[in-house]
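> Fold the stuff below for me.
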Amino acid sequence: MTQPRTPKWRQLADEVRRQIEDGTYSPGSALPQLKPAAEAAGVSYETMRAAYKALESEGLVRSVKRTGFVVLQAPGRRRVTRGTTVTRDPARGYVFPAAARPDEPWEVHGRPVRSFVPAPKEVAEHFGIEPGTETLRRRRVTSPAGEPPFQLVDTWLSPEAVEDAPQVAEASTGPGGYLDRLEEAGHGPIAWTETIRIRLPERDEAQLLNISTAMPVLETTIIGRSARTERPIEVTVRVIPGDRVELFSELQRARSARWPVAPVRPK
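Numbering: from 1, shown residues only. So this is what the prediction gives:
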């Protein structure tokens, strides 16, 4: 039996990928425009576009308006051990399970932004407010020093939180950050839950993370509940490109799964 023939668009994608890997096209450079590239390869415009879009879905290139497809800097994949323990650093305050390694320097890309913006439906539901209500959002893009943007972090603070602890809306929230200010205002000890899902990024998220809108992202959402009201007062959404991270958990044996296996006695 004959093997199925590799589609032409896949052959072209493989060839361009090799050129990216060997440095023919370096990070930040643009691939040849679709029309001349298609003519040079002797294929249709749509075949060439399918090849570029395949590379975009892999996170190797990104479509930029009026420029074309631009080669992205190859990110390093990081293993995240998913624990459930929140620790505390004397200098930084609470530390949640994340991709950071001990003593590893991280940097902020651009400037952190604090602004009152319309709350999306999911955040509004947690806070018990109408979707679109102007709500405080603290946004920052961070990564290990010297690496491309690794994560976009949005912290939403409820109107109640801002009223009780006005300092959470300021540039500097003081030692321990906004969580310490909330707990000092009577909401401590805050209790947290976390959910994780995979989705496609919004256009502004893709721009900030320098990825294609076709690149799936890992989204983790941590919800902090007030001990006083038992209602959510802060929601932190972390968005990480899917090609940058892998989750790791060490599985434990329950008593029923212990070794050696207990023999089954005949009835």
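> use CA for all of it now, contacts and neighbours both
Fine.
> count of neighbours near the nearest residue to R92 once chain neighbours are set aside?
In space, and not counting its chain neighbours, R92 is closest to G176: 5.4 Å by C-alpha to C-alpha, 6 or more residues apart in numbering. Neighbour count for G176, taken as other C-alpha atoms under 10 Å: 15.
> ok, so what distance separates G176 from L182?
To L182, G176 is 10 Å away according to C-alpha to C-alpha, to the nearest Å.
> Kindly report the same for V113.
As judged by C-alpha to C-alpha, V113 and L182 stand 20 Å apart.
> quick one: which of these two has more around it?
Between V113 and L182, counted using other C-alpha under 10 Å, L182 has the larger neighbour count: 24 against 12.
> who's in contact with the residue nearest to R92?
The contact partners of G176, by C-alpha atoms under 8 Å, 6 or more residues apart in numbering, come to 90-94.
> Closest one to G23 out of the residues you listed, please.
Closest approach between the contacts of G176 and G23, by C-alpha to C-alpha: R92, at 40.1 Å.
> what are the phi and psi angles of that closest one?
phi -100, psi -20 (degrees, to the nearest 10).
> Confirm for me that it is in contact with G177.
Yes: shown here, R92 and G177 form a contact pair, counting by C-alpha atoms under 8 Å, at 7.3 Å.
> How far off centre is stretch 192-208?
6 Å (C-alpha atoms, centre = their mean, to the nearest Å).
> Which residues does the helix or strand hosting V117 contact?
Using DSSP states H and E, V117 maps to strand 106-118. With contacts defined as C-alpha under 8 Å, 6+ apart, strand 106-118 is touched by 131-146, 149, 169-171.
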